[in-house]
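Student: this is the structure alone, sequence omitted:
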C-alpha cells in the first residue's frame, strides 16, 4: 500500500552496496560492444557472428534470470552472491587470453549468466530492506537504475577508449579487476537501518520497521529447500499466466530491444564512418544513452512522489515511440547534433521506465520478488538479445548501418 503523509527519508544503507553490484551488469554487457567489431575483425568473424557474441551476454542473462529468480525466493542471497562474483572474475580472466570465436561466445555466455545472478541478488536485498514501504522501495529501485546508467556510461567509455587504442582486451582486464571489488561487497553483509517516519500533519512517528538482512538469512535444510522450490514453482506458474504480467513482459521485451539495438547501432555507425572517428568523439557519442538513462532515473524518483508507478509507466510508454522515431529520422536525414539530442531523449525515457518495470513486478508480488524480477528481466533480456542481432543482420543485408536504425 502507498503510504500517505509526510516522510523524512534517509538514504537506504543497502543501496550503495547493491549499486556496486548492479553496476557490473552493464559494465560487463556493454563494454564489449564498442570493441566487438574491431575484435571480430582480428579474430576473423562475420558480422552475424559479432552480433551473436554481443547478444550472447543478454541471452545468458535472460536464462540465468529465469532460473535463479525463483531460487532466490527460497535460498538466501549469501549462498548465491559470492559464487556468482567468483565465476564472473574467472570468466573475465579467461577472456583476457587471445580469444577465438568459441572462447568469446562461451565467455560472454558465462559472464551474462553470472552477472544476472549478481543483479538479482541486489534487487532482492533492496526489496527486502524496504518491504513495508512501496514508495521507498520504488524510489530505491530508481536509484539502482542510476547506478546502472553510471555502469553503462563507464562501460561504453571504456570500450570506446579500448577500441580507439586498438587494445580490446583492456575491457576484460578491467572486468576481472572489478570482480575483486564486488567480492569484498559480497562477503560483507549489508544491513539496513530503520527509517524514521512522521505521521500526517506532524503527528506521532510510527514504529520503525526492523532492518531486514536477507544476506545473512539462515540456509534452509535440504528437505525444506525442496518443499520451498516446489511451492515457489506452483506460485510462479500462476504468476506468469496473469494478463498484467504477460503485458508487462511484452513491454519489457520492447525496452530491451530498443536499448541494446540503439547501443549496437551507434557502434556500427562509428565503425562505418569514413576516415575513422576521433577518440573523444567516439567516447562522447557512446555515453549519450547512459547519460539520458541517468537523467531519466533521477526524474523518475521525483515523479514517484506524486504519481503511482502504474500511471507513470503507462504515460511514459505512450511517449516512448516519439524519441525513437525522431532518432531514426535524425540518423537518416540530420547531422550529429540532432542524433545526439535524440539519443539522450531515448535514454531519458528508458531510464524512467526500466526501474518502473521492475518495481511493478515486485510491487504486485512482494513474496515472489525474485520470480517477479526474473519474469520481467527475462523478457527484457530477450529483447536485448534480439536488438543487436537484428541490427547487425539488417546492416549486412542493406550495406547501410543508418538504414538499420
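Tutor: Okay, I see it. Please read these numbers as outputs of a predicted model, since none were measured by experiment.
Student: which elements pack onto the helix or strand where residue 85 lies?
Tutor: Residue 85 belongs to helix 81-95 when assigned by DSSP states H and E. Other elements packing on helix 81-95 under the criterion 3 or more C-beta pairs under 8 Å, 6 or more residues apart in numbering; DSSP states H and E are helix 13-30, helix 101-129, helix 170-187. Just so you know, the C-beta spots here come from the backbone N, C-alpha and C atoms, and that holds for glycine as well.
Student: in that helix, what's buried?
Tutor: Residues of helix 81-95 classed as buried by neighbour count (16 or more other C-beta atoms under 10 Å): 81-82, 84-85, 87-95.
Student: what about the longest helix in this structure?
Tutor: What stands out as the longest helix in the chain, according to DSSP state H, is helix 134-165.
Student: for stretch 248-261, which positions count as buried?
Tutor: Buried-residue list, stretch 248-261, by 16+ other C-beta under 10 Å: 248-249, 251-261.
Student: how far does it sit from its chain's centre?
Tutor: 12 Å (C-alpha atoms, centre = their mean, to the nearest Å).
Student: equivalent analysis for stretch 376-394, please.
Tutor: With C-alpha atoms, centre = their mean, you get 13 Å for stretch 376-394.
Student: tell me, how many neighbours does residue 244 end up with?
Tutor: By the measure other C-beta atoms under 10 Å, the count of residues near residue 244 is 11.
Student: one step back: who's in contact with the helix holding residue 85?
Tutor: Helix 81-95 is contacted from outside by 21, 24, 28, 103-104, 107, 110-111, 114-115, 117-118, 121, 169, 172-173, 175-176, 179-180, 182-183, 186-187, 215, using C-beta atoms under 8 Å, 6 or more residues apart in numbering.
Student: redo that, cut-off 7 Å
Tutor: Residues from elsewhere that reach helix 81-95, judged by C-beta atoms under 7 Å, 6 or more residues apart in numbering: 103, 107, 110-111, 114-115, 117-118, 121, 172, 175-176, 179-180, 182-183, 186-187.
Student: now stretch 319-335
Tutor: Outside of stretch 319-335, the residues that reach it under the criterion C-beta under 7 Å, 6+ apart are 258, 338, 339, 342, 343, 345, 346, 349, 402, 405.
Student: now the helix or strand the first one falls within: average pLDDT?
Tutor: It refers to residue 258. Assessed by DSSP H and E, residue 258 sits inside helix 243-272. Helix 243-272 comes out with an average pLDDT of 79.
Student: could you give the angle of it to helix 13-30?
Tutor: 50 degrees (axes from the mean of the first three to the mean of the last three C-alpha atoms, to 10 degrees).
Student: about what we covered before: if you rank the contacts of stretch 319-335 by neighbours, which is first?
Tutor: Most surrounded of the contacts of stretch 319-335: other C-beta under 10 Å gives residue 343, at 26 neighbours.
Student: quick check, it in contact with residue 290.
Tutor: No - with contact defined as C-beta atoms under 7 Å, residue 343 does not count as touching residue 290 (9.9 Å).
Student: just name the shakiest helix or strand of the chain by mean pLDDT.
Tutor: helix 401-404 (a mean of 49; mean pLDDT, DSSP states H and E).
Student: follow the chain on from the host helix or strand of residue 36 and name the next helix or strand.
Tutor: In this assignment (DSSP H and E), residue 36 forms part of helix 32-43. Using DSSP H and E, the helix or strand that follows helix 32-43 in sequence is helix 47-71.
Student: quick one: that following helix to helix 81-95, angle?
Tutor: Going by the same axes, to 10 degrees, helix 47-71 makes 170 degrees with helix 81-95.
Student: for helix 47-71, the distance to its chain's centre please.
Tutor: 12 Å.
Student: kindly report the same for stretch 158-165.
Tutor: Worked out by C-alpha atoms, centre = their mean, stretch 158-165 lies 22 Å from the chain centre.
Student: still on that earlier bit, save the helices and strands packed on helix 81-95 as TSV, and put in mean pLDDT too.
Tutor: Output for the helices and strands packed on helix 81-95, formatted as TSV (pLDDT from 0 to 100):
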stretch	mean pLDDT
helix 13-30	80
helix 101-129	86
helix 170-187	84
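Student: tabulate those helices (JSON lines), appending distance to residue 63 and mean neighbour count.
Tutor: Converted to JSON lines, these look like this (distance: least, C-beta to C-beta, whole Å; neighbours: other C-beta atoms under 10 Å):
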{"stretch": "helix 13-30", "distance to residue 63": "14", "mean neighbour count": "24"}
{"stretch": "helix 101-129", "distance to residue 63": "7", "mean neighbour count": "24"}
{"stretch": "helix 170-187", "distance to residue 63": "20", "mean neighbour count": "19"}
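Student: which one of those helices lies nearest to residue 52?
Tutor: helix 101-129 (6.9 Å; C-beta to C-beta).
Student: show me the shaky parts of the stretch 201-350 of the chain.
Tutor: Low-confidence segments of the stretch 201-350 of the chain (pLDDT under 70): 201-240, 267-279, 282-283, 331-332, 334-335.
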